[in-house]
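[1] Sharing a sequence plus its predicted fold:
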Amino acid sequence: MTPESASEARNPRRDVSFSLFIAAVVLVGLVSRLRPAAFHGDELFRSFPTEDGYLMLTVARNLSLGLGMTHAAGSIATNGVQPLGAFLQALAFSLTESGREETVRLLLTFYAALAALTAFAVFRLGLVLLGNSSDARRASALAAAVWFASPVAFFHTMNMLETGLYAFLVVVAVLVFARWHREGKGGPWSPGRCAVMGALLGIAFWARNDAVFLMAAIGLAHWAASTAEASLWRRVRETEVMGVAALAIALPWLSYNLWGFGSLMPVSGLAHLRPGALGSNLAAAAAALFEMLTLVASFEHHPVQNRPGFIAFSAALSAFAGAALSIALWRNRARRAELAAWLVPVVLGIGLLSFYVLAFDAPYFLRRYLFPVSPFLALLWAWLVVRLWRRSGSKRLGVLAPFAAVALLFNFAMRDGLFLPRGPWRQHQFRGVDWIAAHVEESAWVGAFQSGTVGFFHDRTINLDGKLNPGALAAIRAGRHAAYVIESPVQFIVDWATIVEPWYESSPELARHFEWVELDRARNFAVLRRRP
């Protein structure tokens, strides 16, 4: 009997306490996700779908109505959503005859189930990456459960966007990659196995276009796993088969983008493809990585995330974690075929960080863009926790853990959020919806820069910031956005005052065609109406 197994035999209550703790934490995740599915009306709609989540829901609903991939009551074609998520949501709408309330309730259940599947995949991945020891099993279970209930994963997997779906496919792709390399013991892959791996990457591309970084990460990790039985040249040829299979799957969406809209990148990406927000992006990336490394708290709506001390500490912690993992991989380079899968999240994370920090101007989306690496950081976090837990030898810690999880569950039930209640952005998100419902007829056209929530409840809504509307994006780039809106059928413009007011003052022509109905700076709400 090993010292570890002897310790387990002497402490059976520790295993029982750990199991109860895992069960209680999973219960936190289940309740937090499924509870809003019992809500009705406004409270249901104000639970999880984010502003951009409503953009995808709008396009998906139009798909279910036979209007194609469009917005603005089917009048404007778009490619500003990720296709796989939109098609799955369109299927949900078709099952409910395109009913808004019924579909959102159905999708809440679907995304909760998808998050549970992702957590199970994280557990299985942990058993492959961390080994089959008792500590590895505990760390895998802890990572899966805490990731499932974490506020970091909680909102991103229930936002009605592709985020949760893409994270699931990333974990599955790495799980398949790791298992096949471990089973093959460094040997060559068959063409069929390479084709399946490539097809899985192609499906991930349909979930989110930046899966090109996942493809690069898998390819580089596969090269790094070259051995005497499978040379580097053999690995290169295997990745060529993967690439062909992935391209075959991705080609229809790429063709739709290029021939229909003139660019391989969707219009939603082109709208933010502007460098110049390096400082804000770096601060947001540091906060996002800190949250994913700790898992237990989200600071997305807390002012601490903008303080220099917090940013510096977060950046240092992230750099330390990256350096520690790199050193561990280098020291174990003799086992490169077995550990190659760890290179995937490293290369993927570097690719996502480099692209979105250097080339994008949307720091408020960095958490969502970097979210696919969170399951791997959860495994590292859980491995460290389990090792520290075992070394502490504290029986009291093992007994108190389940009670702590129950306390977290009570905290959620009382506060409508795990550690973090829903922020004031919910009020901003629905202020326009409520105003339109009270003052605007269904036949009237509305324009909005943030058109997701407004457009989901008012069909005749035209997107003005270019994330969904190629015409608006072209007008912005040509410097004639005011003329575009004036020439459009828009009768009302409803949005945040911080967006509408500077835009209104940017062109004297706008004052000749639109007048103020509301300008409430305190509530950050504004409405313009076309002059008679």
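    Noted; the coordinates are in hand. Numbering: from 1, shown residues only.

[2] What separation do you get for the residue most central in space within the chain and Pro151?
    By CA atoms, centre = their mean, the chain has its centre lying nearest to Thr163, at 2.8 Å. Thr163 sits 14 Å away from Pro151, going by CB to CB, to the nearest Å. No exception for glycine: its C-beta is placed from N, CA and C like everyone else's.

[3] cool, and Leu293?
    From Leu293 across to Pro151, the span is 14 Å (CB to CB).

[4] Check Arg138 too.
    Counting by CB to CB, the gap from Arg138 to Pro151 is 23 Å.

[5] With Val485 instead?
    Counting by CB to CB - Val485 and Pro151 are separated by 38 Å.

[6] what about the strands in this structure?
    Assigned by DSSP state E, the strands in the chain fall at 70-71, 76-77, 446-448, 461-463, 492-495, 514-520, 525-530.

[7] neighbouring strands for the third one, and are they parallel or not?
    Pointing back at strand 446-448 there. strand 461-463 (parallel), strand 492-495 (parallel) (DSSP bridges).

[8] still on that earlier bit, now the strands of the chain as CSV including distance to Ser374?
    Output for these, formatted as CSV (distance: least, CB to CB, whole Å):
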stretch, distance to Ser374
strand 70-71, 30
strand 76-77, 34
strand 446-448, 31
strand 461-463, 29
strand 492-495, 31
strand 514-520, 38
strand 525-530, 34
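
[9] before we move on, the earlier item: looking at the strands paired with strand 446-448, which is nearest to Ser98?
    Judged by CB to CB, the one of these that comes nearest to Ser98 is strand 461-463, at 16.7 Å.

[10] Quick check, pLDDT for the closest residue in space to Ala225 that isn't next to it in sequence.
    In space, Ala225 comes closest to Ala340 once its chain neighbours are excluded; the distance is 3.8 Å by CB to CB, 6 or more residues apart in numbering. Looking at Ala340, its pLDDT stands at 84.

[11] follow-up on the earlier one: any chance of the strands paired with strand 446-448 in TSV with mean neighbour count, distance to Ser231 and mean pLDDT as columns?
    Shown next, in TSV, are the strands paired with strand 446-448 (neighbours: other CB atoms under 10 Å; distance: least, CB to CB, whole Å; pLDDT from 0 to 100):
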stretch	mean neighbour count	distance to Ser231	mean pLDDT
strand 461-463	28	52	97
strand 492-495	25	59	97
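
[12] Format the ones you listed as a markdown table; extra columns: distance to Val212.
    Formatted as a markdown table, the strands paired with strand 446-448 follow (distance: least, CB to CB, whole Å):
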| stretch | distance to Val212 |
| --- | --- |
| strand 461-463 | 26 |
| strand 492-495 | 33 |
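
[13] what's the closest of these to Ala112?
    strand 461-463 (28.7 Å).

[14] May I see the buried residues of stretch 208-225?
    Buried residues in stretch 208-225, defined by neighbour count with 16 or more other CB atoms under 10 Å: 208-222, 224-225.

[15] same question but for stretch 116-135, I mixed them up
    If you call a residue buried by 16+ other CB under 10 Å, then stretch 116-135 has these buried ones: 116, 118-119, 121-130, 134.

[16] Run the chain-centre distance for that stretch.
    21 Å (CA atoms, centre = their mean, to the nearest Å).

[17] Would you mind writing the CA trace of that stretch as PDB?
    Only the C-alpha atoms of stretch 116-135 are listed here, as PDB (Å, rounded to 0.1, in the frame of the first residue of the first chain):
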ATOM      1  CA  ALA A 116     -22.900  20.500 -17.800                       C
ATOM      2  CA  LEU A 117     -21.600  18.600 -20.800                       C
ATOM      3  CA  THR A 118     -18.600  21.000 -20.900                       C
ATOM      4  CA  ALA A 119     -17.900  20.400 -17.200                       C
ATOM      5  CA  PHE A 120     -18.000  16.600 -17.800                       C
ATOM      6  CA  ALA A 121     -15.600  17.000 -20.700                       C
ATOM      7  CA  VAL A 122     -13.300  19.100 -18.400                       C
ATOM      8  CA  PHE A 123     -13.400  16.200 -15.900                       C
ATOM      9  CA  ARG A 124     -12.500  13.700 -18.600                       C
ATOM     10  CA  LEU A 125      -9.800  16.000 -20.000                       C
ATOM     11  CA  GLY A 126      -8.300  16.300 -16.500                       C
ATOM     12  CA  LEU A 127      -8.000  12.600 -16.200                       C
ATOM     13  CA  VAL A 128      -6.000  12.600 -19.400                       C
ATOM     14  CA  LEU A 129      -3.800  15.600 -18.800                       C
ATOM     15  CA  LEU A 130      -3.200  15.200 -15.100                       C
ATOM     16  CA  GLY A 131      -3.000  11.400 -14.900                       C
ATOM     17  CA  ASN A 132      -5.000   8.800 -13.200                       C
ATOM     18  CA  SER A 133      -3.900   9.300  -9.500                       C
ATOM     19  CA  SER A 134      -6.300  10.000  -6.800                       C
ATOM     20  CA  ASP A 135      -5.100  13.600  -6.700                       C
END
